[in-house]
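**Student:** Can you look at this prediction? I've put the sequence above it.
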Amino acid sequence: MKRLLSIGVAAALAVVSATSFAQGAAPPTPEAQAKSAIETRQGLFKLIASQWGPVGGMLRNQVPFDAEVVARNSGRVQVLAGMIAELHARDTREFKTIKTAALDGIWNSQADFKVKADALVTAAGALTTVAKTGDKAATLKAAGDVGKACGACHDNYRAK
């Protein structure tokens, strides 16, 4: 299941990246390549946010607890988070006209950025495992750990 989801997400992101480059057209400019990279990263984070939203609502007691939804969505977040570091490999800092919340520290500290992205993968995987037990207290605690992993990266690498 995770492999199929990963393949599907990768294919969707590749289509988004490739749609602006027609066959036989001139190679994309460095700015066009940067724009595509940024848009792909932003798409990834929108997907993560869409999957995390219901879980965050449960953490804030805004929606009823549902362990099945937490397990499913955290599994998706785990797969998606595994793409974060790879999609930030291209340094796009020089293209200041393209809107992004990515801070320079991502490319100044690639190793730390990857550690933080990997921590999100690990936390989301742990949440998936705990949610499958149906234990609400343990699941919500593990969901809090996912939130902390997100925040640790946002604190250093995302403009507010």
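**Tutor:** Happy to help now that I have it.
**Student:** what's the distance between Cys153 and Thr128?
**Tutor:** Using Cβ to Cβ, to the nearest Å, Cys153 is found at 19 Å from Thr128. C-beta coordinates here come from the backbone N, C-alpha and C atoms, glycine included.
**Student:** Those two: which has the busier surroundings?
**Tutor:** Thr128 (22 against 19; other Cβ atoms under 10 Å).
**Student:** Which helix or strand contains the more buried one?
**Tutor:** helix 110-131 (DSSP states H and E).
**Student:** and for the helix or strand that that helix is followed by, what are the contacting residues?
**Tutor:** Later in the chain than helix 110-131, the nearest helix or strand by DSSP H and E is helix 136-157. Outside helix 136-157, the residues that touch it by Cβ atoms under 8 Å, 6 or more residues apart in numbering are 52, 55-56, 58-59, 65, 67, 70, 74, 77, 84, 102-103, 105-106, 109, 112-113, 116-117, 119-120, 122-124, 126-127, 130-131, 133.
**Student:** Any stretches of the chain with poor pLDDT?
**Tutor:** Scanning the chain for pLDDT under 70 picks out 1-23.
**Student:** For burial, what's the neighbour tally of Lys148?
**Tutor:** Lys148 has 12 neighbours, counted by other Cβ under 10 Å.
**Student:** again with Ala111
**Tutor:** Counted with other Cβ under 10 Å, Ala111 comes out at 8.
**Student:** Same question for Leu120.
**Tutor:** Other residues close to Leu120 by other Cβ under 10 Å number 24.
**Student:** likewise Leu47?
**Tutor:** A count of neighbours around Leu47, defined by other Cβ under 10 Å, yields 18.
**Student:** Next up, phi/psi of it, please.
**Tutor:** Backbone geometry at Leu47, expressed as degrees, to the nearest 10, gives phi -60, psi -40.
**Student:** From Glu86, how far out is it?
**Tutor:** Taking Cβ to Cβ, one finds Leu47 at 15 Å from Glu86.
**Student:** Please apply the same query to Tyr157.
**Tutor:** With Cβ to Cβ as the criterion, Tyr157 and Glu86 are 15 Å apart.
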